[in-house]
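**Student:** prediction below, plus the sequence it came from.
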Amino acid sequence: MAANATVFRAELQVSDMDRNYYATHALTLARHPSETDERLMVRLLAFALHADERLEFARGAASDEGEPDLWRRSLSGEIELWIDVGQPDESRVRKACGRAEEVVVVNYHGRSADLWWEKARPALSRFGNLTVIDIDAATMAELAALAERGMRLQCMIQDGQAELYGEGASITVQRTLRMASAARA
């Protein structure tokens, strides 16, 4: 954890009817001083969308060793799932696709997300183990409003639709699938 990081704690209850996954996770997230509430909440949303007992937050962009924002490793240490949040450069995605069975990029930022995808699509389209998801700008604003040092959230996923519930708030997660890995297709 970074020296000046702000610690957020979240109790996240996930009901993913598409994957038959139901669990409550006690999560601790460190927000680097340069990280926004939006990015922190996208990391939390990415966890909810891919929840698993072995999914964990890695050091992400704060890492000198090129770790993802989240990852799930097998019991023998192989990387099964690599999740990056934001707009990673093509070389980072290429390395991730070579190291992990499945790679997911959760992109956000409205128009800049569109520009990033237009530029990155030709290079990224050759990776069969890559999924790229965009989170809608309106969803981002609602997510950022939920950010608190102590959060209790519920995420329900059914028929590909995700709903996130927090203190007095209900968010329908608007996302666009830009590219699906061969495993998801």
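**Tutor:** On my side now, so go ahead.

**Student:** only C-alpha atoms from now on, for both contacts and neighbour counts.
**Tutor:** Fine.

**Student:** what's around Trp71, how many residues?
**Tutor:** 25 (other Cα atoms under 10 Å).

**Student:** that one contacts Glu53, correct?
**Tutor:** No: the pair Trp71 / Glu53 is not scored as a contact, 11.2 Å apart, by Cα atoms under 8 Å.

**Student:** name the SS class of Arg94, please.
**Tutor:** Three-state assignment for Arg94 (DSSP: H, G, I helix; E, B strand; the rest coil): helix.

**Student:** got a list of what it touches?
**Tutor:** Residues in contact with Arg94 (Cα atoms under 8 Å, 6 or more residues apart in numbering) are Leu124, Phe127.

**Student:** nearest the geometric middle of the protein, what residue?
**Tutor:** Nearest to the mean C-alpha position of the chain, by Cα atoms, centre = their mean, lies Ala46 at 2.6 Å.

**Student:** quick one: it is in a strand?
**Tutor:** No: under three-state DSSP, Ala46 falls outside any strand and is assigned helix.

**Student:** can you show me the strands along the protein?
**Tutor:** 6-16, 21-31, 55-57, 70-73, 79-85, 100-107, 130-135, 150-158, 161-166, 169-173, 175-179 (DSSP state E).

**Student:** and for the last one, what are the contacting residues?
**Tutor:** Counting by Cα under 8 Å, 6+ apart, the neighbours of strand 175-179 from elsewhere in the structure are Ser125, Leu130, Thr131, Val132, Ile133, Asp134, Ile135, Asp136.

**Student:** mind redoing it with 7 Å?
**Tutor:** The list of residues contacting strand 175-179 from outside it, by Cα atoms under 7 Å, 6 or more residues apart in numbering, reads Thr131, Val132, Ile133, Asp134, Ile135, Asp136.

**Student:** quick one: mean pLDDT for that strand?
**Tutor:** Summarised as a single mean, pLDDT over strand 175-179 is 93.

**Student:** make 614 the starting number, not 1.
**Tutor:** Understood, numbering begins at 614; the last thing we discussed is strand 788-792.

**Student:** pull out the buried residues from that strand.
**Tutor:** Within strand 788-792, the residues that count as buried by 16 or more other Cα atoms under 10 Å are Arg788, Met792.

**Student:** restricting to C-alpha, output that strand in CSV.
**Tutor:** The C-alpha trace of strand 788-792 is given here as CSV (Å, rounded to 0.1, in the frame of the first residue of the first chain):
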residue,chain,number,x,y,z
ARG,A,788,-21.4,-0.7,-20.4
THR,A,789,-20.5,-1.4,-24.0
LEU,A,790,-18.6,-4.5,-25.1
ARG,A,791,-16.0,-3.3,-27.6
MET,A,792,-14.3,-6.6,-28.0
